[in-house]
Every structure is written in structure tokens, then in C-alpha cells.
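1. Dropping a prediction and its sequence here:
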Amino acid sequence: MKTPEEIVDLMMRNDAFSQWMGVKVVHVSKGTCELSMQLDPILLNGFFIAHGGISYSLSDSALAFASNSYGKKCVSIETSISHVRPAREGDVLTAKAIEKHRGKTIGVYEVIVTNQEEKTVALFKGTVHISQEDW
């Protein structure tokens, strides 16, 4: 059985999008994951704030890594996000995924995205399907 760190390492090696965004794995353990990234100008929208897809994608990656950390392959089946504060060029975003429920086939996770001042930027909820396929 692979460790959570080994699983996330495998996932990151094949995750070109998270790599392109500059996502770094800060911590991973069974059911949790913390990621960080810095906002470069290419990630901003026309208002010069982070495109909503950036905090969404960071959260989605944290969800994926947290849910897969047990060694069973999981995919999201429903997600939602609330953007509560703008993020700007140079900000460092941190996404912390926390498992709220894990059953035999369904897992529910909450992801809180904060900036370098620990102010909440976005709140994300994700539901995953847990397969019986091992990593």
C-alpha cells in the first residue's frame, strides 16, 4: 500500500495543470491536504485580481489529493465554490482540504483558501466517488 505522500507524488507528476499553476504540496496525510501557490500576472483576470478558476483549480487539486490519500482512486462528482475576497498579483494562496465524511463510495471535503495574511479568499466543497481501484 502506498503512503499518502507517494500517491500525491504520482498524481502531481501527471498533473500538468497544477504544475503550470506552480502548485506546491505543503502537507498531505489521510483525508487532508494543504497546497500553496503564488499568483503570477498570467493568472489574473481583467480586473487585475485572480481569475476565479485559479482558486477553484487549487481547491480541486487539494480535494483530489486529500480524497485519494487513502490509496483508493477517487474522482469528483460535485463541487462548488464561494469567492469571498479578491486575491491579487503576488499573493500566496494556501488551500487546506479537510475530510468531512468518508463512506464506502462517497467522500465529502471542505477546502478553505487563504492568502498570506491568513484571510479567507474562497470556500470550496467537493464530493467524490470512491472507487475500489487501488493506486
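-> Looks like it came in fine.

2. how about the helix with the most length in the chain: buried residues?
-> Ranked by number of residues, the top helix in the chain under DSSP state H is helix 52-68. Within helix 52-68, the residues that count as buried by 16 or more other C-beta atoms under 10 Å are 54-68. C-betas here are computed from N, CA, C, even on glycine.

3. Beyond that helix, next helix or strand please.
-> Proceeding N to C from helix 52-68, the next assigned helix or strand is strand 72-83, under DSSP states H and E.

4. Run through who's touching that following strand.
-> Residues from elsewhere that reach strand 72-83 (C-beta atoms under 8 Å, 6 or more residues apart in numbering): 52, 55-56, 59-60, 63-64, 67-68, 107, 121-135.

5. what does stretch 109-119 give?
-> Identification of contacts with stretch 109-119 by C-beta under 8 Å, 6+ apart yields 55, 58-59, 62-63, 66-67, 85, 87, 91-100, 120-128.

6. Could you tell me the average pLDDT over it, please?
-> Predicted confidence along stretch 109-119 averages 98 (mean pLDDT).

7. now do stretch 87-97
-> In this model, stretch 87-97 carries a mean pLDDT of 98.

8. Need phi/psi at G103.
-> Backbone dihedrals for G103, given as degrees, to the nearest 10, come out at phi -100, psi -160.

9. Identify the residue nearest it in space, chain neighbours excluded?
-> Leaving aside its chain neighbours, G103 sits nearest to I130 (7.5 Å; criterion: C-beta to C-beta, 6 or more residues apart in numbering).

10. Look at the one you found and tell me its secondary structure.
-> Assigned by DSSP: H, G, I helix; E, B strand; the rest coil, the conformation of I130 is strand.

11. Pretty sure it sits against E99.
-> No: with contacts counted by C-beta atoms under 8 Å, I130 stays clear of E99, the gap being 11.3 Å.

12. what's the overlap in contacts for those two?
-> Each of 67, 107 lies in contact with both I130 and E99 under the rule C-beta under 8 Å, 6+ apart.

13. tell me the contacts of L58?
-> Listed by C-beta under 8 Å, 6+ apart, the contact set of L58 reads 21, 23, 35, 37, 93, 95, 113.
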